[in-house]
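**Student:** return atomic coordinates for the entry below.
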Amino acid sequence: MVTVTNYHLRESKEKKPFISLELHGDLEMVQSMETGRFYATARKCSMSSTFNETTAKALIGKQIEGSIVRVECEPYDYAIPEGGEIIKLAHRWEYRPEEVKTAVRVVEGSLQMAD
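**Tutor:** Now for the predicted structure:
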């Protein structure tokens, strides 16, 4: 389950404005590689939307089935907000809906439930 926690007005490469939704995943416990102690965290990502600002604001707090998963990507530089240190990352976080549990097939132009 993920929760819409905020929205942001962004600009596309073509300079067109759009709304992105900020999503937070469930609470998870992670063990520090340095100290061995556990800390609480939640995965976070943004995704673009077709909503206007009023609709996006109304969605804050809404829970959606799915999860936030780590996806490998081309390496890029990332500035750590707290100290400005630049590190190289090769992953991003992305929303994934729950898997579809019902299969559908097309038979002679009509939809049928798969066995």
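**Student:** what's the burial count for V2?
**Tutor:** V2 has 24 neighbours, counted by other CB atoms under 10 Å. Quick note: C-beta positions are derived from backbone N, CA and C, even for glycine.
**Student:** so who does it touch?
**Tutor:** L23, H24, G25, D26, Q63, I64, G66, S67, I68, Y95 (CB atoms under 8 Å, 6 or more residues apart in numbering).
**Student:** do the same with Q63
**Tutor:** When contacts are counted by CB under 8 Å, 6+ apart, Q63 is found next to M1, V2, T3, V4.
**Student:** could you dump those to JSON lines with pLDDT and distance to D77?
**Tutor:** Formatted as JSON lines, these follow (pLDDT from 0 to 100; distance: CB to CB, whole Å):
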{"residue": "M1", "pLDDT": "92", "distance to D77": "32"}
{"residue": "V2", "pLDDT": "96", "distance to D77": "27"}
{"residue": "T3", "pLDDT": "97", "distance to D77": "29"}
{"residue": "V4", "pLDDT": "98", "distance to D77": "29"}
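**Student:** in those residues, which residue is surrounded by the most others?
**Tutor:** Once you tally neighbours by other CB under 10 Å, V2 ends up highest among the contacts of Q63, having 24 neighbours.
**Student:** partners of that residue in the sheet?
**Tutor:** I64 (DSSP bridges).
**Student:** what about the strands in this structure?
**Tutor:** Under the criterion DSSP state E, the chain carries strands at the ranges 2-11, 17-31, 38-48, 63-64, 67-79, 86-96, 104-107, 110-113.
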